[in-house]
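K.L.:
What would the 3D arrangement of this be:
(chains A and B)
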Amino acid sequence: MSNAIETRGLEYRIGRSFEIRDLALNVPEGSIYGFLGPNGAGKTTTIQLLLAMRRARAGSITVLGKRVPQEITAVLSRTGYVPERPHVDPSLKIDEALRFHAAFYRSWDDKEGERLLAQFDLDRSRRIKRLSKGETGKFLMVLALAQRPDLLLLDEPTDGLDPVVRREVMTAVVDYVSQRGATVFISSHLVHEVERMCNWIGVMDKGRLVSEMTTDSFKSGIKRLRVTGAPQSMADPPFVLLSRQPSEGVIEGELWVVRGWQAPMRDYFESAGARLTEVTDLDLEDGFVELLRTSRSRQPLEGR
Amino acid sequence: MFSQLDSRSPVPLYDQIATRIRVAVAAGELQPGTALPSVRQLAARLRINPATVVQAYRDLEAEGFVEMRQGAGTFVQEVAQDRRSSERARQARRLVRELVNEAARLGLDTDEIMEAVRTELGAKRS
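P.N.:
Alright, predicted model coming up:
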């Protein structure tokens, strides 16, 4: 399977500080890819680099098989983009903005635009500046979807929207993917929002990609272990040890958070004279938090 | 049938969907020939990746629970009685395994668990 988005060694700086550092993204064609990270991790900057709004200092970008920025025109004609902040003239009416936007795209589907406006209950004579936050979010999604793109780049598409609108918008995205098999790249700092939909996850922190894997393997490998009688220094474990904490409270035993866990690895503890008393599954959000915690403690801040 | 999908569970979503359908077929709730929701319908309804639905349906097809007919949809297959009973037994064991694990975590012993199971089953019957 080829990648809809691929970057290698991508670097971007503002002044002397690194915003993006040695970024190697692989977004498989047809995937719904959750681009996660706390605020300020570099998610929006990355999207702006992918769309050639900003120029990287080093590295390469390929989107839909085209080089960016050299072949950005071909990329933009096939890419639907929902930015973090609205990018339409607020003084226009919905149908005026729609007509103007449509003119940029050969693939534009009028009928689909109509259908989505009706589905989202948006009145085409309303002015953009009079729309509520939720209506604006829905309208931006209409613009991106009626363009019939092969790639959807959504930058925090539901940030600040109420749960009802969030559902409506995400249902429309899923429905579009079912019909078209498009690739979707969604940035978000809300893990629960994307974990149902995304089959790939990339986690950013401080301008670096901390982890990139399928959602299922991310979820299935991360466990919290309760261990008693473990000596301070032990042989290298067969799993990735993310954190090791002394016991807290009334329950005995240290807490280990590990990645890549498999049941036969119990032997590792027994051979060291320790005892594994409990294995708990962590969900995506717990795993995400642990991942950030450990990546931060391993890599002190540089260049800031 | 899919109201209790849990995206936080370590059990992958496709597996949860396939399990719901297996149980419904085993219990006779889904009769042979019944059409399952289309991939597009189910994905939109659950707001999950369409590929997840496809994977669940493929697994069910490989096990002989459903048949995917090109362009027509996905249909429940005739499943032999003994196969249905063994599926029900498998689901019962899965439930009890969860119960036993949780009970061990709380430090409950066998008598306490059995007693509670009898009480709850009795309350359900009356």
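
K.L.:
how about the strands in chain B?
P.N.:
With DSSP state E as the criterion, chain B has strands at B:66-69, B:73-76.

K.L.:
elements contacting the first one?
P.N.:
The helices and strands touching strand B:66-69, judged by 3 or more CB pairs under 8 Å, 6 or more residues apart in numbering or on different chains; DSSP states H and E, are helix B:50-62, strand B:73-76. All C-beta atoms are positioned from the backbone trio N, CA, C, and that covers glycine.

K.L.:
Could you save the strands of chain B as CSV and add columns showing distance to residue A:186, mean neighbour count and mean pLDDT?
P.N.:
What follows is the strands of chain B, written out as CSV (distance: least, CB to CB, whole Å; neighbours: other CB atoms under 10 Å in any protein chain shown; pLDDT from 0 to 100):
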stretch, distance to residue A:186, mean neighbour count, mean pLDDT
strand B:66-69, 29, 18, 94
strand B:73-76, 28, 18, 95
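
K.L.:
At the contact with chain A, which residues of chain B appear?
P.N.:
Within chain B, the residues that sit near chain A (CB under 8 Å from any CB of the partner chain) are B:7-10, B:12-13, B:39-40, B:43-52, B:105.

K.L.:
Tell me how chain B divides into domains.
P.N.:
Chain B breaks down by automatic domain parsing into domains covering B:13-76, B:81-125.

K.L.:
With distance to residue A:84 as extra columns, can I get these in TSV?
P.N.:
Below are those laid out as TSV (distance: least, CB to CB, whole Å):
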stretch	distance to residue A:84
domain B:13-76	21
domain B:81-125	42
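
K.L.:
Can you tell me which of those domains is most buried?
P.N.:
Of all the domains of chain B, domain B:13-76 has the most neighbours on average by mean count of other CB atoms under 10 Å in any protein chain shown, namely a mean of 18.

K.L.:
Span of that domain from start to end?
P.N.:
Chord length of domain B:13-76, first to last residue, is 20 Å (CA to CA, to the nearest Å).

K.L.:
thinking again about what came up before, and the domains of chain B, which one averages the lowest pLDDT?
P.N.:
Sorting these by mean pLDDT places domain B:81-125 lowest, at a mean of 88.

K.L.:
I'd like the distance from that one to the chain centre, please.
P.N.:
Centroid separation for domain B:81-125 versus its chain: 16 Å, with CA atoms, centre = their mean, to the nearest Å.

K.L.:
Then stretch B:74-82?
P.N.:
The answer for stretch B:74-82 is 15 Å, by CA atoms, centre = their mean.

K.L.:
And for stretch B:35-45?
P.N.:
How far stretch B:35-45 lies from its chain's middle: 17 Å, per CA atoms, centre = their mean.
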